[in-house]
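Trainee: Predicted structure and sequence below. I'll ask about it afterward.
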Amino acid sequence: MQADLQRVDLGTVREIAGSFVGSAQTLADASRDLAPVTDDRPIQEYGVRSLLNFDSPPPASMVDVKQVAAWCPKCFVDGKPVPLADGLDTYLALLDLVYGASGPETAGASVRLKPDTTKNTPAGPRVIAGSAYLGAIIPESADLHNVLGTAYAARGNAGEAIAEFREALRLEPDSVTAHWNLGRALASPEEALGHLRRAVQLDPGNGEARYHLATTLFESRQYEDAVDEFRAALQLMPNSVEARNNLGVTLASQGKLDEAIDQFEQALALQPEYADARRNLTMALQQKGRQQEGRGAARGVGAPP
């Protein structure tokens, strides 16, 4: 049996759980307005054929792979796949590239769920994330390499991640996601800033991209520009405690303690247990107190007894 499962790319927990499409609730919602099919002519039951087209993805209304934990709760711990299902999140994210092509805007597109042997290479079947099945059904795209790069980055494989993001940009030079991901992955702040700035230029409303640009500007000691980008990020994400805290740190680095204290206090108002903001607020208040003591001592120098 194991050999048979492996032959059809169902030889691992990842591949079996990766066959998930949508939760029971998703499927119920998708079929709510459809008339039930009844077998009122049993004599014809052996002649019944499915109306589904197995060469195409299922209808978009049936798909929600993000609900896989509801179907297989033991596949995840704290939102991450257990060792036995290692790579399941990436596997489903890759399949979602195919499932996501099932909407009306992609009608007529060349998307298949049956393996396509024309994608094989001279060295053998095309393999993606260790799967020949994925290699056969997922078309080459910037999205594909962004997903793979993100998976490598999550595992700490920066070199492989960077290579995937560069390939994504080769295929789609104006990919916001690829510029953003590459900017976050690069060790060189100068090159990283170029990609993060391009991501923000292409998508000014992307608060996360602005946040990461601001963080990299801060790390490069470009404090004025970092403050501007943190403020722009907060316009888009006003409840981001990380952005408020880091704006406070940047302002404190400029000596603007009152403004920094205000940002730390706003972060704590949003999330009272946020330890970084609590610590930074304490340090800023202590520094402000020392400055006030220093000014008081300076005013006392030379004063009459």
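Mentor: Sure, I can see it.

Trainee: so what's residue 200 up against?
Mentor: Going by C-beta atoms under 8 Å, 6 or more residues apart in numbering, residue 200 touches 206, 209-210, 213, 229. C-beta coordinates here come from the backbone N, C-alpha and C atoms, glycine included.

Trainee: Could you list the low-pLDDT ranges of the stretch 151-300 of the chain?
Mentor: 295-300 (pLDDT under 70).

Trainee: coming back round to it: please produce a markdown table containing the contacts of residue 200, extended by neighbour count, secondary structure and distance to residue 192.
Mentor: Below are the contacts of residue 200 laid out as a markdown table (neighbours: other C-beta atoms under 10 Å; DSSP: H, G, I helix; E, B strand; the rest coil; distance: C-beta to C-beta, whole Å):
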| residue | neighbour count | secondary structure | distance to residue 192 |
| --- | --- | --- | --- |
| 206 | 18 | coil | 16 |
| 209 | 29 | helix | 12 |
| 210 | 26 | helix | 14 |
| 213 | 29 | helix | 9 |
| 229 | 27 | helix | 13 |
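
Trainee: In JSON lines, list these along with distance to residue 244.
Mentor: As requested, these are exported to JSON lines (distance: C-beta to C-beta, whole Å):
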{"residue": "206", "distance to residue 244": "18"}
{"residue": "209", "distance to residue 244": "18"}
{"residue": "210", "distance to residue 244": "14"}
{"residue": "213", "distance to residue 244": "16"}
{"residue": "229", "distance to residue 244": "13"}
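
Trainee: residues near residue 218, how many?
Mentor: 20 (other C-beta atoms under 10 Å).

Trainee: Pretty sure residue 18 sits against residue 92.
Mentor: Yes: judged on C-beta atoms under 8 Å, residue 18 makes contact with residue 92 at a distance of 5.9 Å.

Trainee: Between the two, which is the more surrounded one?
Mentor: residue 18 (24 against 20).

Trainee: What distance do you get for the residue nearest to the more buried one when sequence neighbours are not counted to residue 173?
Mentor: In space, not counting the residues next to it along the chain, residue 18 is nearest to residue 91; the distance is 4.4 Å by C-beta to C-beta, 6 or more residues apart in numbering. From residue 91 over to residue 173 the distance is 28 Å, taken as C-beta to C-beta, to the nearest Å.

Trainee: for residue 160, same thing?
Mentor: Applying C-beta to C-beta to residue 160 and residue 173 gives a distance of 21 Å.

Trainee: got it, and residue 228?
Mentor: 26 Å.

Trainee: For the two, indicate the residue with more neighbours.
Mentor: With neighbours defined as other C-beta under 10 Å, residue 228 and residue 173 compare such that residue 228 has more, 15 against 11.

Trainee: For the helix or strand containing residue 165, list every residue counted as buried.
Mentor: Assigned by DSSP states H and E, residue 165 belongs to helix 158-171. For helix 158-171, burial by neighbour count (16 or more other C-beta atoms under 10 Å) applies to 160-165, 167-169.

Trainee: Which members of the residues you listed are the farthest-apart pair?
Mentor: 160 and 169 (15.4 Å; C-beta to C-beta).

Trainee: C-terminal to the helix holding residue 165, what's the next element?
Mentor: Downstream of helix 158-171 (by DSSP H and E), the next one is helix 176-185.

Trainee: Could you export the next helix or strand after that next one as CSV, CA atoms only?
Mentor: Following helix 176-185 in sequence order, the next helix or strand is helix 189-202 (DSSP H and E). C-alpha atoms of helix 189-202 as CSV (Å, rounded to 0.1, in the frame of the first residue of the first chain):
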residue,chain,number,x,y,z
PRO,A,189,21.5,47.5,4.1
GLU,A,190,22.4,49.5,1.0
GLU,A,191,21.0,46.9,-1.4
ALA,A,192,18.1,46.1,0.9
LEU,A,193,17.0,49.8,1.0
GLY,A,194,16.9,49.9,-2.8
HIS,A,195,14.5,47.0,-2.9
LEU,A,196,12.3,48.1,0.0
ARG,A,197,12.1,51.6,-1.5
ARG,A,198,11.0,50.1,-4.8
ALA,A,199,8.3,48.0,-3.0
VAL,A,200,6.9,51.2,-1.4
GLN,A,201,7.1,53.1,-4.6
LEU,A,202,5.1,50.4,-6.4
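
Trainee: now helix 189-202, how far from the chain's geometric center?
Mentor: Relative to its chain's centre, helix 189-202 lies at 18 Å (C-alpha atoms, centre = their mean, to the nearest Å).
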